[in-house]
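*Asks:* Here is my input, please return the structure:
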Amino acid sequence: MRSTFKILFFLKRDKVKTNGTVPLFCRITVDGQEARFGMKCDVNPKYWDVKTGRATGRTAEAAKANTLVDNTQAALYKVYRELQERTNYVTAEKVKNVFLGHEQKHQTLLELFDNHNEAKKNQIDVSLTKSSWQQYVLVRRYIAEFLTSNCQLTDIPVMDINREFIVDFETYLFRQYNLRKNTIGNHMKKFRHIIALALEREIIFKNPFKEHKLQKEKTDRGFLTQPEIEALMNFKFEDKKLERARNLFIFCVFTGLSYKDALSLQYDNIQINMDGNLWIKGKRKKTDTEYNIPLMNIPKAIIEKYRGKTVEDLVFPFISCQRYNLWLKKVAQQCGIRKNLTSHLARHTFATHAIEAGVSIESVSKMLGHTNIATTQIYARITENKIGKEMSVFAGKVLKMDANMLAVNDITIDNVLKSLKISKVKASEKVWETLTDNVWQKMESIDKQSFVSEMENKEKKPKTIRDFYLELIDYFLENLPVHNDHKKIFDLNFKLAVNF
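*Replies:* You can find the predicted model right below:
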């Protein structure tokens with residue numbers, strides 16, 4: 001970006017010395033902003049031409065002053081051009097500081113990384129996971145290695161980072177470590193974050209990543225088929241460690257929880273929902289995003305298996321991630337599964353089968369605790385084999401699988417009213433009770449669940465059965481197709497409601 005640059009030499013006439021001379025000053029103006037400094041030279045005001053900014057006459061003093069003015073002007077223009085080329089953002093103060101030798105020490109890339117990583121270290125388990133912090137540490141190490149081997153440098157000023165440096169570093173990661181594109185892309189995101197920090201702190205004013213597109217390739221995330229899930233569930237392990245790993249994996253297959261979220265799960269997270277069934281409710285460790293998942297028979301049985309055998313009210317005994325993934329490989333081998341069993345595969349399996357079974361991508365995204373639905377869309381594909389029969393629906397088409405991959409639980413009106421703390425004992429409300437039961441019996445399970453979910457998320461919940469009926473009939477009219485038999489109920493209910 002071009003800027004206006006002006007230089008003016010003038011006399012500081014309010015600082016007259018005893019011999020009648022006045023100090024000579026220089027004023028720099030960039031885009032209307034000024035900076036000034038003394039020239040350490042005194043001039044007789046009688047011999048100073050304000051228009052030309054020069055001393056007049058043929059005296060030695062005049063020649064000395066004019067030489068100083070010419071040299072200073074040339075030097076300032078040079079500094080200005082260099083700053084424009086280097087930072088593309090120049091201020092009068094910067095030109096002055098560079099000219100006078102007062103420019104601040106250039107912030108280097110590795111120093112900025114170190115400052116960032118040290119600050120983030122104190123945020124581990126508060127606003128940052130340890131694994132995320134370790135990724136920044138790893139990228140810092142990769143850059144240090146690249147500077148040494150490819151640039152013969154121990155560090156580099158942040159302002160010297162350009163697109164060429166970025167491309168060369170990407171190439172280094174691929175050739176030196178044979179990393180996949182997406183892995184390199186994730187490392188470059190950490191690098192880009194540090195550069196963004198430099199921009200925010202005004203260490204640099206031009207983003208070298210602006211014209212650079214990070215590498216990314218579509219990946220086909222693996223998942224287990226129904227026969228493979230059943231093979232895992234039915235296998236009898238002699239090694240208790242492998243059985244623990246298998247049980248945790250299957251629990252995640254039927255809940256969609258990640259390894260970390262499953263291990264941090266406490267009994268307080270298991271709560272009775274408005275439908276009268278158990279749900280898992282909590283927040284993801286990684287994103288602090290809420291998730292709500294219906295608890296099916298299989299994960300419920302796994303929870304009971306470890307009840308009373310853990311510490312601090314945790315549902316599962318601790319397994320380190322490294323050991324867990326190692327044990328899963330042995331589990332796969334013994335069960336005859338050729339796929340790479342990892343902690344993430346269970347979560348992928350849950351999402352893939354849920355979407356394939358017709359669960360909305362919005363519901364799956366909510367259950368997985370994704371912050372962006374685009375993350376969930378990677379699972380939106382059709383698989384070759386569908387899971388058993390249809391899955392029941394909770395809270396807007398929730399995955400429902402039990403030991404036979406089939407479980408349908410109807411929601412009773414009594415449970416819903418009980419969860420809302422609405423009593424049915426008043427004789428004066430008998431009519432509303434009858435109307436409510438009448439409509440409720442005509443609704444499908446999926447619609448009942450959707451209505452219950454809507455009530456659960458409502459800030460102002462109904463407090464009487466009359467209020468509940470009005471909410472119910474509004475939902476019924478708005479969401480259900482009006483068949484002839486339904487139409488009769490609508491007409492009757494509205495007449496009773498109006499005349500009551």
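*Asks:* CA only for contacts and neighbour counts going forward, please
*Replies:* Fine.
*Asks:* Can you give me the domain boundaries for this protein?
*Replies:* Here the domain parsing of the chain from automatic domain parsing is 5-100, 109-200, 226-379, 413-499.
*Asks:* which stretches of the stretch 351-500 of the chain have low pLDDT?
*Replies:* 373-410, 424-425, 427, 446, 479-500 (pLDDT under 70).
*Asks:* worst average pLDDT in the domains of the chain?
*Replies:* Per-stretch mean pLDDT for these is lowest at domain 413-499 (a mean of 71).
*Asks:* Spatially nearest residue to Trp327 (excluding sequence neighbours)?
*Replies:* Leu242 (5.8 Å; CA to CA, 6 or more residues apart in numbering).
*Asks:* related to what we said a few turns ago, any chance of the domains of the chain in JSON lines, with mean neighbour count and distance to Glu217 too?
*Replies:* Formatted as JSON lines, those follow (neighbours: other CA atoms under 10 Å; distance: least, CA to CA, whole Å):
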{"stretch": "domain 5-100", "mean neighbour count": "16", "distance to Glu217": "33"}
{"stretch": "domain 109-200", "mean neighbour count": "16", "distance to Glu217": "6"}
{"stretch": "domain 226-379", "mean neighbour count": "18", "distance to Glu217": "12"}
{"stretch": "domain 413-499", "mean neighbour count": "15", "distance to Glu217": "37"}
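*Asks:* can you list these in JSON lines and add distance to Lys206?
*Replies:* Compiled in JSON lines, these are given as follows (distance: least, CA to CA, whole Å):
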{"stretch": "domain 5-100", "distance to Lys206": "6"}
{"stretch": "domain 109-200", "distance to Lys206": "7"}
{"stretch": "domain 226-379", "distance to Lys206": "29"}
{"stretch": "domain 413-499", "distance to Lys206": "46"}
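*Asks:* follow-up on the earlier one: hang on, the residue nearest to Trp327 in a helix?
*Replies:* Yes. Using DSSP: H, G, I helix; E, B strand; the rest coil, the assignment for Leu242 is a helix.
*Asks:* Can you check which helix is longest in this protein?
*Replies:* If you go by DSSP state H, the chain has its longest helix at helix 60-87.
*Asks:* same for that one, what does it pack against?
*Replies:* strand 33-43, strand 54-55, helix 92-100 (3 or more CA pairs under 8 Å, 6 or more residues apart in numbering; DSSP states H and E).
*Asks:* As TSV, these with distance to Tyr475 would be great.
*Replies:* As requested, these are exported to TSV (distance: least, CA to CA, whole Å):
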stretch	distance to Tyr475
strand 33-43	63
strand 54-55	86
helix 92-100	66
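*Asks:* Check the gap between the residue nearest to Trp327 and Leu341 for me.
*Replies:* Leu242 sits 13 Å away from Leu341, going by CA to CA, to the nearest Å.
*Asks:* which residues are common contacts for the two?
*Replies:* Residues touching both Leu242 and Leu341 (CA atoms under 8 Å, 6 or more residues apart in numbering) are Leu328.
*Asks:* what's around Leu224, how many residues?
*Replies:* Other residues within reach of Leu224, judged by other CA atoms under 10 Å, total 21.
*Asks:* quick one: contacts for it?
*Replies:* Leu345, Ala346, Thr349.
*Asks:* So which of those is the closest to Gln152?
*Replies:* Leu345 (42.0 Å; CA to CA).
*Asks:* Surely the closest one forms part of a strand?
*Replies:* No. Assigned with three-state DSSP, Leu345 falls outside any strand and is helix.
*Asks:* any idea how far Phe223 is from it?
*Replies:* For Leu345, the distance to Phe223 - CA to CA - is 6 Å.
*Asks:* Can I get stretch 341-350 as PDB, trimmed to CA atoms?
*Replies:* Taking C-alpha atoms only, stretch 341-350 is exported to PDB below (Å, rounded to 0.1, in the frame of the first residue of the first chain):
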ATOM      1  CA  LEU A 341      -8.700 -50.400  15.200                       C
ATOM      2  CA  THR A 342      -8.100 -47.000  16.800                       C
ATOM      3  CA  SER A 343      -9.800 -44.800  19.400                       C
ATOM      4  CA  HIS A 344     -11.200 -42.600  16.600                       C
ATOM      5  CA  LEU A 345     -12.600 -45.500  14.600                       C
ATOM      6  CA  ALA A 346     -15.400 -46.100  17.200                       C
ATOM      7  CA  ARG A 347     -16.600 -42.500  16.800                       C
ATOM      8  CA  HIS A 348     -16.500 -42.800  13.000                       C
ATOM      9  CA  THR A 349     -18.500 -46.000  13.100                       C
ATOM     10  CA  PHE A 350     -21.200 -44.400  15.300                       C
END
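*Asks:* which one of the domains of the chain lies closest to Lys210?
*Replies:* Comparison of the domains of the chain against Lys210 by CA to CA identifies domain 109-200 as nearest, at 8.6 Å.
*Asks:* and the end-to-end length of the closest one?
*Replies:* First residue to last in domain 109-200 (CA to CA) measures 14 Å.
*Asks:* again, but for stretch 171-185
*Replies:* 12 Å.
*Asks:* ok, and what's touching it?
*Replies:* Contact with stretch 171-185 is made by Tyr142, Phe146, Glu170, Leu214, Gln215, Lys216, Glu217, as judged by CA under 8 Å, 6+ apart.
*Asks:* can you pull out the strands in the protein?
*Replies:* For the chain, applying DSSP state E gives strands covering 5-11, 22-30, 33-43, 48-49, 54-55, 270-272, 278-283, 290-294.
*Asks:* Put together a markdown table for those strands, with distance to Gln107 on each row.
*Replies:* Formatted as a markdown table, the strands of the chain follow (distance: least, CA to CA, whole Å):
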| stretch | distance to Gln107 |
| --- | --- |
| strand 5-11 | 26 |
| strand 22-30 | 24 |
| strand 33-43 | 24 |
| strand 48-49 | 43 |
| strand 54-55 | 39 |
| strand 270-272 | 50 |
| strand 278-283 | 39 |
| strand 290-294 | 40 |
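*Asks:* Nearest to Phe468, out of those?
*Replies:* The nearest among the strands of the chain, by CA to CA, is strand 270-272 at 20.2 Å.
*Asks:* Direction included, what does that closest one pair up with?
*Replies:* strand 278-283 (antiparallel) (DSSP bridges).
*Asks:* Am I right that Leu153 is in contact with Ile143?
*Replies:* No. Using CA atoms under 8 Å, Leu153 is not in contact with Ile143, being 10.7 Å away.
*Asks:* Could you report the distance from Ala65 to Met39?
*Replies:* Distance, Ala65 to Met39, using CA to CA: 9 Å.
*Asks:* Quick check: bridge partners of the spatially closest residue to Arg13 that is not a sequence neighbour?
*Replies:* Closest residue in space to Arg13, ignoring its immediate chain neighbours: Val22 at 5.9 Å, by CA to CA, 6+ apart. Beta bridges link Val22 to Val43, judged by DSSP bridges.
*Asks:* closest one to Glu118 among the strands of the chain?
*Replies:* strand 278-283 (26.6 Å).
*Asks:* quick revisit: okay if I get the contacts of stretch 171-185 as CSV plus distance to Ile355?
*Replies:* Converted to CSV, these look like this (distance: CA to CA, whole Å):
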residue, distance to Ile355
Tyr142, 39
Phe146, 43
Glu170, 36
Leu214, 29
Gln215, 28
Lys216, 24
Glu217, 22
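*Asks:* What is the nearest of the residues you listed to Lys189?
*Replies:* Leu214 (7.9 Å).
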